[in-house]
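S.K.: just a sequence and a predicted model for now, questions to come.
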Amino acid sequence: QVQLVESGGGLVQAGGSLRLSCTASGRTFGTHGMGWFRQAPGKEREFVAAISRSTGSTFYADSVKGRFTISRDNAKNTASLQMNSLKPEDTAVYYCAVKKAYNSMWYTEAQYGSWGQGTQVTVSS
C-alpha cells in the first residue's frame, strides 16, 4: 500500500505561481509513475499531469500545457507540480495519485490508485 501526502496549495492572484508537492511512502517500488488530478466545485475530477517513474516522460492536459511542469525525485519519492500563469479556472482541489499499471493510459483516472487527501488551490481574478 502507498500513502500520499500533498502540500503547497493556497490562494494566489491570477498570473501568479504555486508549487505543489506530493510525498509517497510505503510500497512505492514498481509503480509506473505519479499523476496530478484536480476537481473543481460541481465538476468531475480531471487529469492534469503525470510523469513516468523510470523514463521521466511527462504528460499534460491541454488546458495546462506550457504553464504547468511536473517533476519527480525518485530518491525522495516525491512528485512536484510547478504551476505558472495561473488562471481563475485553475481553482480546484488538486490530488496526486500513483499509477501502478504499466501501460500507456496516463490520462485515465481508473489507472491510478492510492490517492492523496488533496490540497486546495484558489486563483483570484
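M.R.: The structure has been received and is ready for your questions.
S.K.: and Q117, how far from N84?
M.R.: Distance, Q117 to N84, using C-beta to C-beta, to the nearest Å: 24 Å. (Each C-beta comes from the backbone N, C-alpha and C, glycine too.)
S.K.: the more surrounded of the two?
M.R.: Each of Q117 and N84 had its neighbours counted (other C-beta atoms under 10 Å), and the higher figure belongs to N84 (14 against 11).
S.K.: for the more buried one, give me the pLDDT.
M.R.: Here the pLDDT value assigned to N84 is 98.
S.K.: if we ignore the residues flanking it in sequence, what's nearest it?
M.R.: Take N84 and drop its neighbours on the chain: the residue closest to it by C-beta to C-beta, 6 or more residues apart in numbering is S17, 4.7 Å away.
S.K.: output the contacting helices and strands for the helix or strand that contains L11.
M.R.: Using DSSP states H and E, the element containing L11 is strand 10-13. Of the remaining helices and strands, those touching strand 10-13 by 3 or more C-beta pairs under 8 Å, 6 or more residues apart in numbering; DSSP states H and E are strand 119-124.
S.K.: please repeat the previous calculation with a cut-off of 10 Å.
M.R.: strand 18-26, strand 119-124 (3 or more C-beta pairs under 10 Å, 6 or more residues apart in numbering; DSSP states H and E).
S.K.: what's the offset of that strand from the middle of its chain?
M.R.: Between the centre of strand 10-13 and the centre of its chain there are 17 Å (C-alpha atoms, centre = their mean, to the nearest Å).
S.K.: flag every buried residue along that strand.
M.R.: Buried residues in strand 10-13, counted by 16 or more other C-beta atoms under 10 Å: V12.
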